[in-house]
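> Give the three-dimensional model of this entry:
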Amino acid sequence: MFVPAAAATAATAAAAEPPDRLIERLSNEILERIRTDAALKAGDRKKLDELVDNTVMPHVDFRRMTALSVGRNWRTATPEQQQQLMDEFRALLIRTYAGALSSVADQKVRMRPLRANPQDTDVIVRSEVVQPRGEPIQLDYRMARRTDGWKIYDVNVLGVWLVETYRTQFAQEVSTGGIEGLIRSLSEKNRQPAANGKT
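All right, here's what the predicted structure looks like:
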């Protein structure tokens with residue numbers, strides 16, 4: 001009896017966590033892990049991939065993010081193709097996020113005021129990555145409220161939304177090779193060694 005009750009309590013707490021507090025908690029958790037783990041600090045891509053997969057990915061709405069990135073071509077894909085696209089897109093996001101974390105040193109995250117009403121179900125959470133030297137890096141998140149909590153479905157880095165960038169790239173892939181061509185292209189990218197060679 002106690003296990004289901006505990007699980008229900010944890011789920012309720014996650015669903016009740018405000019979106020800006022969620023982003024702040026995840027960001028600080030990741031930065032703290034990197035600061036205190038020698039392998040992560042050295043840029044070990046396998047461990048960075050695991051960190052991103054376990055910490056960030058549970059809070060991403062992959063279906064919505066993949067569908068938005070694929071655009072109108074999503075509706076022409078079969079259910080099997082949609083699942084393949086989501087799987088490959090998830091792997092791509094992990095690689096992208098882990099690649100960015102491989103150069104993290106002494107950065108800190110500064111949250112900006114959340115401009116939203118309590119009843120809103122779709123918000124933009126704005127933050128800045130403060131560096132020891134140089135200007136802060138803009139890092140914003142589009143998030144939607146679901147029954148199991150707030151989920152990320154787009155990320156803005158330095159004024160560029162990932163979904164818009166991917167939509168342009170994916171449309172070009174589909175125009176030349178169809179949905180199967182896009183799946184193959186994503187699969188090939190995900191099989192390539194990490195840029196720093198640490199896998």
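
> so where's this protein shaky on pLDDT?
1-15, 194-199 (pLDDT under 70).

> And for Trp161, nearest residue in space, chain neighbours not counted?
Closest residue to Trp161 apart from its sequence neighbours, by C-beta to C-beta, 6 or more residues apart in numbering: Asp154 at 5.5 Å. C-beta here means a position set from N, CA and C on the backbone, and glycine is covered the same way.

> if I pick the one you found, what's in contact with it?
65, 68, 141-142, 161-163 (C-beta atoms under 8 Å, 6 or more residues apart in numbering).

> Please name the bridge partners of the nearest residue in space to Glu17 that is not next to it in sequence.
Distances taken as C-beta to C-beta, 6+ apart place Gly149 nearest to Glu17, at 6.4 Å, with adjacent residues excluded. Taking DSSP bridges as the rule, Gly149 bridges to Arg146.

> Counting by contacts, list what the lengthiest helix in the chain packs against.
Secondary structure of the chain per DSSP state H: the longest helix is helix 162-191. Helix 162-191 sits against helix 62-70, helix 79-101, strand 149-157, with contacts defined as 3 or more C-beta pairs under 8 Å, 6 or more residues apart in numbering; DSSP states H and E.

> Next, format those as JSON lines and append distance to Ile124.
Shown next, in JSON lines, are those (distance: least, C-beta to C-beta, whole Å):
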{"stretch": "helix 62-70", "distance to Ile124": "15"}
{"stretch": "helix 79-101", "distance to Ile124": "19"}
{"stretch": "strand 149-157", "distance to Ile124": "8"}
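
> Go through the ones you listed and name the closest to Lys189.
The closest of the helices and strands packed on helix 162-191 to Lys189 is helix 79-101. By C-beta to C-beta, the value is 6.5 Å.

> ok, residues contacting whatever helix or strand comes next after that closest one?
Downstream of helix 79-101, the first helix or strand assigned by DSSP states H and E is strand 108-111. Contact with strand 108-111 is made by 20, 23-24, 27-28, 31, 125-130, 136, 139, as judged by C-beta under 8 Å, 6+ apart.

> again, only using 10 Å
Where contact means C-beta atoms under 10 Å, 6 or more residues apart in numbering, the residues beyond strand 108-111 that reach it are 20-21, 23-24, 26-28, 30-31, 125-132, 136-137, 139.

> List only buried entries from those residues.
20, 23-24, 26-27, 30-31, 125-129, 139 (16 or more other C-beta atoms under 10 Å).

> which of those residues lies closest to Pro193?
Ile30 (23.0 Å).

> who are the neighbours in contact with the closest one?
By C-beta under 10 Å, 6+ apart, the neighbours of Ile30 are 40, 48, 51-52, 55-56, 97, 101, 104, 109.
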